[in-house]
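S.K.: got a sequence here, can you model it:
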Amino acid sequence: MEQAAITYNQITKTVQEIIEEKQGFGLSVAVVKDSDIIYSRGFGSSRIEPMHQSMEAETRMSIQSISKNFAAVSIMQLVEEGKVSLDQPVVNYLPYFRTKDKQQSDTITIRHILSHTAGFPSELGIANMLAPNVKEIFSDTPTEFQEALDYYNLTEEELNRVHNREDVTKWFQKVELEYPPGDGWNYCTDAYVILADLIEKVTGDRWETYLQEKILTPLGMDRTNSDAQVVEKDDNSARYYLGEDQVETPFPVNSIAAPIGYLYSTAVDLGRYLLFHLTKESNVLRSESIEEMQKPIHRVSDEWKFGSEDRSYGLAWFIDTYRGFKIVEHGGGQMAVRSLMTMVPELNLGVVVLMNTDGTLHHDVCDEIIDIFIDS
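M.R.: Coordinates of the predicted model:
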């Protein structure tokens, strides 16, 4: 049997063994090597009710925080065009941007926000709480929604005053920085809305329009978008199931917060996206910009180390080591959504795993697939 067939069968057997004891959910995988997608397949169920549907490699799924990487690539394109500079203060492009201490926030640069080193607290909540179905998300008890508001120090009236990304940027005036910009690291998901606001002000286009024209179409990612209605109506799109009882969760939708985690894609499309970052052979970004994104900027905080002492963050990429190899990755998760895309540059290898339930099996699958190539 040819080596390619052996590897294909190894990957299939490995994934099946990992997920065989957990029924009622699905997982899709794509593996890229050198300049090709060498493996793509779905496992399990994309939907359980009203009838079972099988997961496929082309099943549309929420990718959550992987979305941030697309916002970062958008910024890097504008840097290449000379329209923005990573080390210029954000206020130069968005004059209304400020935090509680204006003197401090006037020094926050685009690079700070991209790398989560701006000084923002990590638990702001404003972006995710803008989901139109947020009350459905927090509905386990009659008081859960109010408890979520209290946790984030938000009010319902405050949420109702936010209608667009500029409003989110202006909302940051109530935020108190936890450290001077550049002096620490907090994963602040909300801040990526500011980046989309900046892109829109600089280009004059909605970020979604820019994303489609400048990134998705050139890369052939025709099943990736930000339109939840289109995705939800697609017969080949996933639903999401939480816990052992497989409770279907509200569909992840939040158009204002698309750049923080509300894009939808497939394992195959994300495989194409990883090929672009691995091979550096496209007209989307120059190789120097791709390499700039993958340079470590700051060590991550303890809760993001996951047992690693090497884990750092660049520009919308985590950088770490695995079995002596450098890895570059980003994942995402919310309720019953899990996503992961990982590259091993020394092996010209990339792995995508998307899952429609909670837990950490997507990491197990990714590690086991990387093991196959390290040990071969």
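
S.K.: what's stretch 215-234 in contact with?
M.R.: 58, 60, 70, 73-74, 77, 208, 211-212, 237, 251-253, 255, 258, 262-266, 268-270, 272-273, 276, 282-284 (Cβ atoms under 8 Å, 6 or more residues apart in numbering). (Each C-beta comes from the backbone N, C-alpha and C, glycine too.)

S.K.: same thing but 6 Å
M.R.: Stretch 215-234 has contacts (Cβ atoms under 6 Å, 6 or more residues apart in numbering) with 60, 73, 208, 237, 251, 253, 258, 263-266, 269, 272, 276, 284.

S.K.: same thing with stretch 325-333?
M.R.: 63-66, 69, 261, 294, 317-320, 339-340, 342-344, 346.

S.K.: kindly supply the ChimeraX command isolating those of these that are buried.
M.R.: This is the ChimeraX syntax for the buried subset of these, where burial follows 16 or more other Cβ atoms under 10 Å:
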select :63,64,65,66,69,261,294,317,318,319,320,339,340,342,343,344
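
S.K.: which ones among the contacts of stretch 325-333 map onto helices?
M.R.: 69, 261 (DSSP state H).

S.K.: among the contacts of stretch 325-333, which lie within strands?
M.R.: 318-320, 339-340, 342-344 (DSSP state E).

S.K.: for the contacts of stretch 215-234, work out which two are farthest apart.
M.R.: By the measure Cβ to Cβ, F251 and V284 form the most distant pair in these, at 29.5 Å.

S.K.: more neighbours: which of the two?
M.R.: V284 (20 against 17; other Cβ atoms under 10 Å).

S.K.: confirm that one sits in a strand?
M.R.: No: secondary structure assignment (DSSP: H, G, I helix; E, B strand; the rest coil) places V284 in coil, not in a strand.

S.K.: tabulate the ones in strands among the contacts of stretch 325-333 in CSV, adding columns for pLDDT.
M.R.: Rendered in CSV, the data for the ones in strands among the contacts of stretch 325-333 read as follows (pLDDT from 0 to 100):
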residue, pLDDT
F318, 98
I319, 98
D320, 98
S339, 98
L340, 98
T342, 98
M343, 98
V344, 98
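
S.K.: without its sequence neighbours, what residue ends up closest to E368?
M.R.: T14 (4.8 Å; Cβ to Cβ, 6 or more residues apart in numbering).

S.K.: close enough to count as contact, that neighbour and D367?
M.R.: No: if you go by Cβ atoms under 6 Å, T14 and D367 don't touch, sitting 10.0 Å apart.

S.K.: so W171 is in which element?
M.R.: helix 165-171 (DSSP states H and E).

S.K.: and the helix or strand following that helix, which residues are buried?
M.R.: Heading C-terminal from helix 165-171, the first helix or strand you meet, by DSSP H and E, is helix 192-203. Within helix 192-203, the residues that count as buried by 16+ other Cβ under 10 Å are 192-200, 202-203.

S.K.: in CSV, list these along with distance to V32.
M.R.: Output for the buried residues of helix 192-203, formatted as CSV (distance: Cβ to Cβ, whole Å):
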residue, distance to V32
Y192, 25
V193, 30
I194, 32
L195, 27
A196, 27
D197, 32
L198, 31
I199, 27
E200, 31
V202, 32
T203, 30
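
S.K.: now, among these, which is nearest to Y179?
M.R.: I194 (18.0 Å).

S.K.: contacting residues for the closest one?
M.R.: T169.

S.K.: recalculate using a threshold of 7 Å.
M.R.: 90, 97, 113, 169 (Cβ atoms under 7 Å, 6 or more residues apart in numbering).

S.K.: what's around the nearest residue to Q104 once chain neighbours are set aside, how many residues?
M.R.: With Cβ to Cβ, 6+ apart as the criterion, Q104 has its nearest non-adjacent residue at 5.4 Å, and that residue is L177. L177 has 19 neighbours, counted by other Cβ under 10 Å.

S.K.: could you list the low-pLDDT ranges of the chain?
M.R.: Applying pLDDT under 70 to the chain flags residues 1-3, 21.

S.K.: can I see the domain layout of it?
M.R.: 3-67+206-375, 70-203 (automatic domain parsing).

S.K.: grab the most central residue of the protein for me.
M.R.: I66 (1.6 Å; Cα atoms, centre = their mean).

S.K.: for it, give me its contacts.
M.R.: 330-332, 339, 341.

S.K.: now with 6 Å, please.
M.R.: Listed by Cβ under 6 Å, 6+ apart, the contact set of I66 reads 330, 332, 339, 341.

S.K.: cool, and S54?
M.R.: No contacts exist for S54 under Cβ under 6 Å, 6+ apart.

S.K.: would you mind measuring from it to G26?
M.R.: 8 Å (Cβ to Cβ, to the nearest Å).

S.K.: V84 contacts M76, correct?
M.R.: No: using Cβ under 6 Å, V84 makes no contact with M76, being 9.4 Å away.
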